[in-house]
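Chemist: Mind looking at a prediction? Sequence and model below.
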Amino acid sequence: MPKLNLKPKHGVYAAITAALISSAVLFTGPKEGLRLKPYYDQVGVLTDCYGETQGVTLGHNSTKAECDAKFGVRLKQFAEEIQVCLPPQLAAEKPKVFIAFLDLAYNIGSYGFCHSSVATAASVGNLHVACERVMAFNKAGGRYNQGLANRREAERNLCLKGLE
């Protein structure tokens, strides 16, 4: 997969605060679920903790503390990566919208998110359309997945609530 260009597109990034990441952990964590032993996800990717796919090795079990720490770091990384394809102050001005987009990005990858119709609509300021486009990402391995559809509905609802 191509590496995401992390150079600022809009000049200045909005600050990714600890409070924003804490809120994202509370929103995304239950959707990912915590598994201390490595497993293959539904499309065959070796995974552990809260859906972590980097640095996972069979036979290495993690503690909850290790998973929690790794999860916070990775969410912050994803948050910083997706800022390049979103309006520069979105995280600060509409945190619920940003958290919904972050949850989607954590699930589909920063590159996939930044090249999605969600990011395209958001980047031109059409946040309502961007929130609705979240619903398109309901497949795993090309097949409809009810669990992903439920997750997308939760993301869309949070996103739309952030526009009120």
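Modeler: Thanks, I have it.
Chemist: Do a quick rundown of the strands in the chain.
Modeler: All strands of the chain, identified by DSSP state E, fall at 35-40, 46-49, 139-140, 143-144.
Chemist: So what are the sheet partners of the last one and their directions?
Modeler: By that I understand strand 143-144. Here strand 143-144 is paired, per DSSP bridges, with strand 139-140 (antiparallel).
Chemist: now the end-to-end length of stretch 134-145.
Modeler: By Cα to Cα, to the nearest Å, the extent of stretch 134-145 from end to end equals 14 Å.
Chemist: That one: which residues count as buried?
Modeler: Of the residues in stretch 134-145, 134, 137-138, 145 count as buried by neighbour count, 16 or more other Cβ atoms under 10 Å. (Glycine included, C-beta is placed from N, CA and C.)
Chemist: Could you do stretch 115-128 as well?
Modeler: Quick answer for stretch 115-128 (16+ other Cβ under 10 Å): 116, 118-119, 121-123, 127.
Chemist: quick revisit: most tightly packed of the strands of the chain?
Modeler: Among the strands of the chain, strand 46-49 has the highest mean neighbour count (mean count of other Cβ atoms under 10 Å), at a mean of 20.
Chemist: Show me what that strand is packed against.
Modeler: strand 35-40, helix 64-82 (3 or more Cβ pairs under 8 Å, 6 or more residues apart in numbering; DSSP states H and E).
Chemist: on that earlier part again, what's the closest of the strands of the chain to L90?
Modeler: strand 139-140 (26.0 Å; Cβ to Cβ).
Chemist: how about the nearest residue to the residue lying farthest from the centre of the chain, chain neighbours excluded?
Modeler: Distance from the centre of the chain peaks at G59, with 26.8 Å (Cα atoms, centre = their mean). Spatial nearest neighbour of G59, chain neighbours left out: P38 (7.5 Å); criterion: Cβ to Cβ, 6 or more residues apart in numbering.
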